[in-house]
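**Student:** fold the stuff below for me.
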Amino acid sequence: MAAVPSGPKSGPYRPRLDAPRTKYMTIQDQITQAANASGVPAWLALAIAQRESGYNNNAIGSAGEIGIFQLKPSTAAQLGVDPTDPVQNIAGGVAYLAQLMRQFGGDTQKVAAAFNCGPTCVANAVAAGADNWAAHIPSSTQAYVADVTGSLPTPTQPPTETVNVPPVTVSASPAPAPSLVTVQAAAIEWEPFAWGGLALLGFLLLRGVTRQVRQA
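**Tutor:** The predicted model follows:
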């Protein structure tokens with residue numbers, strides 16, 4: 001976990017150590033109570049505590065992080081808490097989350113990322129990628145955010161330009177009229193048959209006239 005940020009955006013934020021507790025409250029109950037009192041989504045505080053240590057106050061990180069929220073000694077000192085005490089560890093971890101919630105406008109994905117890689121890391125990612133900031137944080141932090149919040153921001157895509165194509169109407173074209181050459185060729189082709197028919201008709205008429213003359 002990163003050190004507590006300083007500056008006008010974050011400002012001093014001290015953990016609440018005066019919240020009433022009973023010895024029968026579980027760690028999860030204490031985290032929920034502290035989160036509700038500090039304006040931090042309880043599910044986020046619980047998910048981060050689970051991811052950091054599995055709610056184990058005896059957990060020690062590879063870089064010296066301590067307790068349930070894996071507070072660095074320097075971070076705990078800035079928050080004014082004893083990280084080895086579970087009550088103060090929870091108070092300090094939730095106070096740090098409340099500070100990040102203010103800095104990043106309540107964006108729980110950015111808060112989770114900042115808890116893992118530090119607020120400067122996330123601020124630089126937002127400056128570099130705007131809505132696609134998640135592409136500019138370490139892959140380990142991407143996995144952390146997905147594990148804690150259940151998802152990663154989806155990179156935005158430029159809008160697709162829509163081109164309206166007018167409908168094309170296809171109409172049946174009338175059959176082309178036969179050309180003069182085609183008509184003449186057909187007439188020439190049928191001419192012998194026409195003359196033969198006329199000759200036959202004349203022969204039959206002549207034969208009929210001859211029979212009538214003979215009968216008379």
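
**Student:** CA only for contacts and neighbour counts going forward, please
**Tutor:** Noted.

**Student:** so, low pLDDT: which residues of this protein?
**Tutor:** Residue ranges of the chain with pLDDT under 70: 1-23, 154-216.

**Student:** can you show me the helices along it?
**Tutor:** 27-38, 42-53, 73-79, 86-103, 108-117, 119-129, 139-149, 180-215 (DSSP state H).

**Student:** OK, contacts around the nearest residue to Ala35 once chain neighbours are set aside?
**Tutor:** In space, and not counting its chain neighbours, Ala35 is closest to Ala42: 5.2 Å by C-alpha to C-alpha, 6 or more residues apart in numbering. Neighbour list for Ala42: 31-33, 35-36 [criterion: C-alpha atoms under 8 Å, 6 or more residues apart in numbering].

**Student:** swap in 7 Å and give it another go.
**Tutor:** 32, 35-36 (C-alpha atoms under 7 Å, 6 or more residues apart in numbering).

**Student:** how about Ala114?
**Tutor:** 121-122.

**Student:** ok, now Lys110?
**Tutor:** The contact partners of Lys110, taken as C-alpha under 7 Å, 6+ apart, are 104, 122.

**Student:** sorry, back to before: how close does the residue nearest to Ala35 sit to Ala128?
**Tutor:** 30 Å (C-alpha to C-alpha, to the nearest Å).

**Student:** now swap in Ala113 and tell me
**Tutor:** Applying C-alpha to C-alpha to Ala113 and Ala128 gives a distance of 15 Å.

**Student:** for those two, indicate the residue with more neighbours.
**Tutor:** Ranked by neighbour count (other C-alpha atoms under 10 Å), Ala113 and Ala128 place Ala113 first, with 27 against 13.

**Student:** tell me if I'm right that that one and Asp147 touch.
**Tutor:** No: using C-alpha atoms under 7 Å, Ala113 is not in contact with Asp147, being 10.8 Å away.

**Student:** domain parsing for this protein?
**Tutor:** 27-149, 179-216 (automatic domain parsing).

**Student:** if we can go back for a sec, highest neighbour count among the contacts of Ala42?
**Tutor:** Ranked by neighbour count under the definition other C-alpha under 10 Å, these are headed by Ala35 with 24 neighbours.

**Student:** who touches that residue in this structure?
**Tutor:** Per C-alpha under 7 Å, 6+ apart, neighbours of Ala35: 41-42, 45, 94.

**Student:** next: Gln142.
**Tutor:** Ala134.

**Student:** how near is it to Leu100?
**Tutor:** 17 Å.

**Student:** and Ala63, by the same measure?
**Tutor:** 21 Å.

**Student:** which one of those two is surrounded by more residues?
**Tutor:** Legend: neighbour count by other C-alpha under 10 Å for Ala63 and Leu100, higher for Leu100 (27 against 9).

**Student:** from Asn56, how far off is that one?
**Tutor:** Taking C-alpha to C-alpha, one finds Leu100 at 23 Å from Asn56.
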